[in-house]
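K.L.:
Sequence isn't available, so here's the structure alone:
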């Protein structure tokens, strides 16, 4: 589980805008003023979150594979669970179980359908029945092994990122 790492210095917000932050996500070109302002705001204020891997292409678990591939991540900005890796993994496991079974709940069964469809892309709220009422998001993304700690998804299936308003920005491997 993630217990320490250089990611710790990103916990406090607002954080100072340093050149180091461009290693997380590049700053837009200077002429794009609105995009630069958004980048500055998000980098200074986006909460540091943990994200649990719900499912991913098997290549992402093997550093020898080294190929860009899809993954499904789950995270929350709820202060009680924002960096609670154990809770996130439990919810991720409940979500993953929906691939194999139907519950009769429209939202849960819909999520199970999305998880079973290899080509599906989504960014939705997790049904509250799976989170105990806590707001959480689940999304598809593509990961590059070169950005993952040790070149692969860790055995504990937890990654760290910044929860921007409209996207999850994962931290590069240097922060683990």
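P.N.:
On my side now, so go ahead. Remember, predicted model here, so these are calculated numbers, not experimental data.
K.L.:
Now do the helices in this protein.
P.N.:
33-45, 85-97, 106-116, 128-131 (DSSP state H).
K.L.:
got those helices as a markdown table, with distance to residue 6 columns?
P.N.:
Quick note: C-beta positions are derived from backbone N, CA and C, even for glycine. Shown next, in a markdown table, are those (distance: least, C-beta to C-beta, whole Å):
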| stretch | distance to residue 6 |
| --- | --- |
| helix 33-45 | 16 |
| helix 85-97 | 17 |
| helix 106-116 | 32 |
| helix 128-131 | 29 |
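K.L.:
deepest of the ones you listed, which one?
P.N.:
helix 85-97 (a mean of 19; mean count of other C-beta atoms under 10 Å).
K.L.:
Please identify the residue most distant from the middle of this structure.
P.N.:
residue 31 (29.6 Å; C-alpha atoms, centre = their mean).
K.L.:
as a whole number, average confidence for the strand ranked longest in the chain?
P.N.:
Scanning the chain for the longest strand, with DSSP state E as the assignment, gives strand 48-56. Mean pLDDT, strand 48-56: 97.
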